[in-house]
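Student: Any chance you can model this:
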Amino acid sequence: MIKKIVLALLFITTNILAQGDIKIFTVENDPKSDLPSVIEKTLEANGFYISANSEMNGPFNIQFQQSDYDVFHLLTVFHLKLSDTLVKKYPDAGIFVPMGIGIYQAKGDKSLHASVLTAEAQAKILGLKTVDPLLKSIEKEVTASLMKAMPKATVAISDENPLPAEGPLVTRVEMEVDADDWEDAKEELQMTIEDGFKPMGFVMSNYTEYNYILTQEDKVESPFDFYDTYSICKLKVIYNVAKTRPEASAFAPCTMMVYKKKGDDKIVMGFPGVYNWMSSARVEDKNAKAVLMKAQKDFENILKEATE
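Tutor: Below you'll find the model as predicted:
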């Protein structure tokens with residue numbers, strides 16, 4: 001079997017955006033209530049699949065002996081119907097299945113905030129020249145659900161333009177396989193990737209066999225032989241970035257897609273690069289950028305080693 005690695009460095013140049021990339025919801029939460037749970041349940045009741053709701057203060061306090069936040073959750077979700085259509089139209093859109101919603105409240109702050117990427121930001125990351133209505137529809141459903149969970153919230157788009165991207169917004173790797181004899185290659189690839197996460201400090205918060213959802217539990221046809229997504233986070237990254245830019249939690253965990261289209265002779269892997277964090281969330285802190293760049297290189301190395 002011939003293997004070929006193609007690393008696509010997708011420097012996106014588009015004029016889609018005229019303002020920030022992150023939508024931020026703010027609501028008074030004093031005394032504190034269990035809004036992360038309310039948000040999760042509301043999204044689930046409105047057509048979203050909840051991949052994970054990860055409470056981060058516990059891990060922060062264990063690893064770093066402190067946290068700057070009273071509330072810090074990473075919620076990962078996707079819309080069951082709209083994401084299905086989106087991924088079939090744009091296979092690489094699996095990097096948003098699931099997508100992230102950061103929920104945080106700093107110590108001393110009487111307000112809780114929830115951050116999520118705009119449809120325009122997602123279109124930019126995917127390299128689309130225009131914003132697909134599907135992305136706008138997903139954003140509309142997320143917004144409606146968050147406002148239902150927090151009816152008194154104010155909504156704002158981050159008011160600063162993104163910084164110029166210092167690298168690829170998506171890192172994409174292709175591995176050649178036999179179009180009709182790919183199962184062993186997929187199993188070996190999956191094992192190698194998963195084994196590579198822990199030594200590099202990555203935690204897999206969620207794994208989604210998304211093709212099972214696309215086929216409606218094997219009841220309908222899918223254009224893919226398989227489609228898997230991994231939600232990956234590195235605690236040191238989230239902790240350090242959150243010290244200055246907690247809204248960047250909309251990017252965490254990072255979703256890695258792994259798929260093969262029927263009839264194709266390649267397996268495709270990809271993930272949104274940390275350059276998104278630095279650009280969209282305007283991460284300029286030297287320490288935060290250093291841990292982001294290390295995570296980027298470590299993640300790239302895992303994929304390269306898995307496909308060699």
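
Student: neighbours around residue 90, how many?
Tutor: 18 (other CB atoms under 10 Å). Heads up, the C-betas are built off the backbone N, CA and C, glycines and all.

Student: now the one 5 residues further on
Tutor: Residue 95 is flanked by 23 other residues according to other CB under 10 Å.

Student: That one and residue 273 touch, don't they?
Tutor: No: look at residue 95 against residue 273 with CB atoms under 8 Å: they stay out of range, at 10.2 Å.

Student: Between those two, which contacts overlap?
Tutor: Common contact partners of residue 95 and residue 273 (CB atoms under 8 Å, 6 or more residues apart in numbering): residue 170.

Student: Beyond the helix or strand where residue 269 lies, next helix or strand please.
Tutor: Following DSSP states H and E, the helix or strand that holds residue 269 is strand 266-272. Once strand 266-272 ends, the next helix or strand along the chain (criterion: DSSP H and E) is helix 275-280.

Student: What is that following helix packed up against?
Tutor: Judged by 3 or more CB pairs under 8 Å, 6 or more residues apart in numbering; DSSP states H and E, helix 275-280 is in contact with helix 286-307.

Student: again, only this time at 10 Å
Tutor: Counting contacts by 3 or more CB pairs under 10 Å, 6 or more residues apart in numbering; DSSP states H and E, helix 275-280 packs against helix 119-126, strand 170-176, helix 235-242, helix 286-307.

Student: What pLDDT is listed against residue 142?
Tutor: Here the pLDDT value assigned to residue 142 is 98.

Student: And residue 119, by the same measure?
Tutor: You'll see residue 119 listed with a pLDDT of 98.

Student: Just give the number of residues close to it.
Tutor: Other residues within reach of residue 119, judged by other CB under 10 Å, total 20.

Student: can you check residue 183 too?
Tutor: For residue 183, the neighbour count with other CB under 10 Å is 12.

Student: What of residue 129?
Tutor: Using other CB under 10 Å, the number of residues around residue 129 comes to 9.

Student: Got the phi and psi for it?
Tutor: When read as degrees, to the nearest 10, the backbone of residue 129 gives phi -80, psi -20.

Student: ok, now residue 225?
Tutor: The phi and psi values for residue 225, taken as degrees, to the nearest 10, are phi -70, psi -40.

Student: helix or strand right after the host helix or strand of residue 23?
Tutor: Using DSSP H and E, residue 23 maps to strand 22-28. Using DSSP H and E, the helix or strand that directly follows strand 22-28 along the chain is helix 35-45.

Student: Pull the residues that contact that next one.
Tutor: 25, 27, 29, 34, 48-50, 52-55, 71-75, 77-79, 101, 103-105, 112, 114, 141-142, 144-150, 153 (CB atoms under 10 Å, 6 or more residues apart in numbering).

Student: can I assume residue 242 is in contact with residue 67?
Tutor: Yes: with contact defined as CB atoms under 10 Å, residue 242 reaches residue 67; the gap is 8.8 Å.

Student: show me where pLDDT drops low in this structure?
Tutor: Within the chain, the segments meeting pLDDT under 70 span 1-18.

Student: Please repeat the previous calculation with a cut-off of 90.
Tutor: For the chain, the stretches flagged by pLDDT under 90 are 1-19, 31-32, 158-161, 178-181, 198, 205, 216-219, 304-308.

Student: the strands in the stretch 101-250 of the chain, which residues?
Tutor: Remark: strands assigned in the stretch 101-250 of the chain by DSSP state E, counting those that start in this stretch are 111-117, 154-157, 170-176, 203-209, 224-233.

Student: returning to what we had before: mind listing the strands the strand holding residue 269 pairs with, and their directions?
Tutor: With DSSP bridges as the test, strand 266-272 is paired with strand 170-176 (antiparallel), strand 254-261 (antiparallel).

Student: tilt between that strand and strand 111-117?
Tutor: 150 degrees (axes from the mean of the first three to the mean of the last three CA atoms, to 10 degrees).

Student: pretty sure residue 272 is touching residue 169, no?
Tutor: Yes: if you go by CB under 10 Å, residue 272 and residue 169 touch, sitting 6.5 Å apart.

Student: Can you tell me the number of residues neighbouring residue 105?
Tutor: Other residues lying near residue 105 total 24 when counted by other CB under 10 Å.

Student: actually residue 156, not the one I wrote
Tutor: Residues contacting residue 156 under the criterion other CB under 10 Å number 12.

Student: The one 10 residues further on too?
Tutor: With neighbours defined by other CB under 10 Å, the count for residue 166 comes to 13.

Student: you'd agree it is up against residue 284?
Tutor: No: Residue 166 is beyond contact range of residue 284, at 11.1 Å (criterion: CB under 10 Å).

Student: Look up the residues that both of those two are in contact with.
Tutor: Here residue 166 and residue 284 have residue 278 as joint contacts, going by CB under 10 Å, 6+ apart.
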